[in-house]
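A.B. asks: Predicted structure and sequence below. I'll ask about it afterward.
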Amino acid sequence: MSRNTLMLAAVAAAALAAHTGATAQQPLAKIGKGEGQVDIVAWAGYIERGATDKAFDWVTDFEKATGCKVNVKTAGTSDEMVALMNEGGFDLVTASGDASTRLIRGKKVQPINVALIPSYKNIDPRLQKAPWHYENNTHYGVPYQWGWNVLMFNTKVFGDKKPTSWSVVFEETTLPDGKSNKGRVQAFDGPIYIADAALYLMKKGLQDVVWVKSSV
């Protein structure tokens with residue numbers, strides 16, 4: 001995840017190619033003949049064919065242009081993505097950083113040759129060798145998208161005094177309605193959310209990091 005004035009950490013996802021066998025640990029030197037279909041594990045909303053909203057369909061034209069059928073298995077968590085990839089049977093996964101590194105180190109995905117992707121040079125340089133898809137001088141995927149983790153708040157509680165810091169999430173404080181925020185904060189239920197807390201604590205300083213570790 002990635003994010004910043006309010007300590008927003010940025011969300012990053014990579015499209016990784018599944019490991020298909022012992023000989024697949026070398027990246028392809030050239031693009032071969034298509035297999036006629038591609039099986040993908042993806043977050044909901046990442047691979048759309050207009051079923052949810054007709055205005056969002058980037059699968060149909062791809063299938064018409066390539067003759068390659070797209071099959072998608074939606075996953076709700078990074079752990080579910082890793083479990084599905086461990087089972088096998090998929091060609092690609094749109095994994096977030098907390099899943100992609102597990103798949104790379106578990107040898108569940110194979111190296112790719114970015115030289116075969118003409119537009120790769122147009123990707124933001126900060127993402128071309130990002131650690132969630134590039135390890136040991138090897139590409140295992142390509143950046144798919146990135147965005148912001150946003151802080152949502154109840155306007156009935158904050159009124160016109162909008163929060164200006166993530167401290168309202170990570171530190172006990174009195175909110176504009178005169179009540180404590182204790183027990184009134186909701187967070188994403190997943191290990192990756194630790195990254196948000198870590199970014200906040202990095203800004204606060206090591207003393208606070210040590211305090212949190214000792215209080216867990």
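C.D. replies: Alright, I've got the coordinates. The model shown is predicted, which means the values in this text are computed figures rather than measured ones.
A.B. asks: List the beta-bridge partners for the residue nearest the centre of the chain.
C.D. replies: By C-alpha atoms, centre = their mean, the chain has its centre lying nearest to residue 96, at 2.6 Å. Residue 96 forms beta bridges with residue 13, as assigned by DSSP bridges.
A.B. asks: I'd say it and residue 192 touch.
C.D. replies: Yes - assessed by C-beta atoms under 8 Å, residue 96 is found in contact with residue 192 at 6.5 Å. For glycine as for every other residue, the C-beta is placed from the backbone atoms N, C-alpha and C.
A.B. asks: Quick one: low-confidence residue ranges for this protein.
C.D. replies: 1-14, 16, 19-24, 206-216 (pLDDT under 70).
A.B. asks: The residue of the chain most remote from its centre and residue 186: what is the separation?
C.D. replies: In the chain, residue 178 marks the outermost C-alpha relative to the chain mean, sitting 36.4 Å out by C-alpha atoms, centre = their mean. Going from residue 178 to residue 186 by C-beta to C-beta, to the nearest Å gives 20 Å.
A.B. asks: residues touching residue 175, list them.
C.D. replies: Shown in contact with residue 175 (C-beta atoms under 8 Å, 6 or more residues apart in numbering): 157-158, 168, 181, 184.
A.B. asks: Can you select the buried ones among those residues for me in ChimeraX?
C.D. replies: ChimeraX command restricting these to the buried ones, with burial defined by 16 or more other C-beta atoms under 10 Å:
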select :157,168,181
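A.B. asks: Same list as before, the contacts of residue 175 that is, but in TSV and with distance to residue 101 and secondary structure included.
C.D. replies: Shown next, in TSV, are those (distance: C-beta to C-beta, whole Å; DSSP: H, G, I helix; E, B strand; the rest coil):
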residue	distance to residue 101	secondary structure
157	37	helix
158	36	helix
168	30	helix
181	32	coil
184	33	coil
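A.B. asks: okay if I get the contacts of residue 175 as CSV plus distance to residue 59?
C.D. replies: Shown next, in CSV, are those (distance: C-beta to C-beta, whole Å):
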residue, distance to residue 59
157, 41
158, 40
168, 40
181, 42
184, 41
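A.B. asks: Closest one of the contacts of residue 175 to residue 114?
C.D. replies: residue 168 (41.1 Å; C-beta to C-beta).
A.B. asks: quick one, what contacts that closest one?
C.D. replies: Contacts of residue 168 (C-beta under 8 Å, 6+ apart): 151, 153, 175, 181, 185.
A.B. asks: I'd like those as a markdown table, with distance to residue 35 and secondary structure appended.
C.D. replies: Converted to a markdown table, those look like this (distance: C-beta to C-beta, whole Å; three-state DSSP):
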| residue | distance to residue 35 | secondary structure |
| --- | --- | --- |
| 151 | 44 | coil |
| 153 | 48 | coil |
| 175 | 55 | coil |
| 181 | 53 | coil |
| 185 | 47 | coil |
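A.B. asks: Pick out the most distant pair among those.
C.D. replies: 151 and 175 (13.2 Å).
A.B. asks: Noted, bye for now.
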